[in-house]
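Trainee: Below: sequence and its predicted model.
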Amino acid sequence: MDIAFTRARVAVFVDGCFWHVCPEHATRPAANSDWWFRKLTGNQARDVATNDHLAALGWRVVRIWEHENPAEAADRIAAVVRS
């Protein structure tokens, strides 16, 4: 978790395009491709498990991609915190 709004129970993650397999900017290394495939799909599976775990504890999760406009991302986070 990168930012936690504890009173609102909102967890914010800022996900890197490479490490979390952004649908717009993901790349796949050619060298050692099988290892990287397992690593990156494992990261995605861990993200889903983390979201599910936090939701079970009553938290709302906001995931922001590193390439997102900061002002738009802040607005999205603020809307979740306020709701």
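Mentor: Noted; the coordinates are in hand.
Trainee: neighbours of the closest residue to W36 other than its chain neighbours, just the number please.
Mentor: Of all residues not flanking W36 in the chain, P29 sits nearest, at 4.8 Å (C-beta to C-beta, 6 or more residues apart in numbering). All C-beta atoms are positioned from the backbone trio N, CA, C, and that covers glycine. If you count neighbours by other C-beta atoms under 10 Å, P29 ends up with 12.
Trainee: So P29 is in contact with L40, correct?
Mentor: No. Checked against C-beta atoms under 8 Å, the pair P29 and L40 is beyond contact range at 9.2 Å.
Trainee: my read is the residue nearest to W36 is in a helix, agree?
Mentor: No. The assignment for P29 is coil, going by DSSP: H, G, I helix; E, B strand; the rest coil, so no helix is present there.
Trainee: can you give me the helices for the chain?
Mentor: 33-56, 70-82 (DSSP state H).
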